[in-house]
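# Provide a 3D model corresponding to the input given below.
(one chain, ligands or ions: 1)
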Amino acid sequence: MRAAIQRRYEAPLLKRLGGTVDGEHVLEIGCGQGVGTQIILEQFGAAHVTAIDLDPAMIDRARERLRDHGDKVALRTGDAEHIDAPDDSFDAVFDFGIIHHIPNWRASIEEVHRVIRPSGRFYFEEVTSHALARWSYRTFLEHPEHDRFGAFGFVHELETQHLHVGDRATTRFFGDFVIGVATNHDS
Ligand SMILES: C[S@@+](CC[C@H](N)C(=O)[O-])C[C@H]1O[C@@H](n2cnc3c(N)ncnc32)[C@H](O)[C@@H]1O
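Take a look at the predicted model:
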């Protein structure tokens, strides 16, 4: 279900907002089981994807899913709050619903900004505080309790950190999700 939504709904919307990443080098933070990385390669045309996740079991599952992509993918355990990569090392970074899991989420945006080259892009699909307050999220899932962000707060933080969104963000499902693309305005 989640994978189908990502492939058929979120990816086309992100592509409309930010275009493809043909031939580019991309980082995916919080790759989970690797569906996002598959999408970045197959639907966005990336030349190479480095994908990190905090959970080694997720990396194992992603490795299994992505084995046919060979050396176009580098998978490793890693923390989006402390990305193990030099400054300006990626053309684009993708976030499919992971930053709302990070207690110090502003630090992860700082890291995203640090590793994207000037004029590179940040593609995001995030779950807002509006969604996390719902009975279903509170009952079945665990998330940080404090300093949650709404759609406006998330976009505002990106803009504060020189990741310019402008009109390339939108909310979906009564404000539960914020989806958009930011450009690194550093020169
Ligand atoms: C809701 S899942 C999303 C997975 C995948 N992106 C997707 O859309 O299906 C959140 C993922 O983020 C990972 N995660 C949580 N905190 C992280 C962090 N600080 N750095 C990297 N990954 C993290 C979790 O292990 C989990 O796989």
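# So Gln38: helix, strand or coil?
Look at Gln38: counting by DSSP: H, G, I helix; E, B strand; the rest coil, its state is helix.
# That one and Asp22, how far apart?
Separation of Gln38 from Asp22 (Cβ to Cβ, to the nearest Å) stands at 16 Å. Every C-beta, even on glycine, is put in place using the N, C-alpha and C of the backbone.
# And the two? Which one has more around it.
Gln38 (22 against 9; other Cβ atoms under 10 Å).
# Touching, that one and Glu64? I think so.
No: with contacts counted by Cβ atoms under 8 Å, Gln38 stays clear of Glu64, the gap being 11.8 Å.
# max-length strand in this protein?
strand 116-127 (DSSP state E).
# what about stretch 160-167, how long is it end to end?
Terminal residues of stretch 160-167 lie 15 Å apart, using Cα to Cα, to the nearest Å.
# What residues of it count as buried?
For stretch 160-167, a neighbour-count test (16 or more other Cβ atoms under 10 Å) marks 161, 163, 165 as buried.
# what does stretch 79-90 give?
79-81, 83, 90.
# out of these, which are inside strands?
Those of the buried residues of stretch 79-90 lying in strands (DSSP E): Phe90.
# In a markdown table, list the buried residues of stretch 79-90 along with distance to the ligand and pLDDT.
Formatted as a markdown table, the buried residues of stretch 79-90 follow (distance: Cβ to the nearest ligand atom, whole Å; pLDDT from 0 to 100):
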| residue | distance to the ligand | pLDDT |
| --- | --- | --- |
| Asp79 | 4 | 98 |
| Ala80 | 4 | 98 |
| Glu81 | 5 | 97 |
| Ile83 | 9 | 98 |
| Phe90 | 15 | 98 |
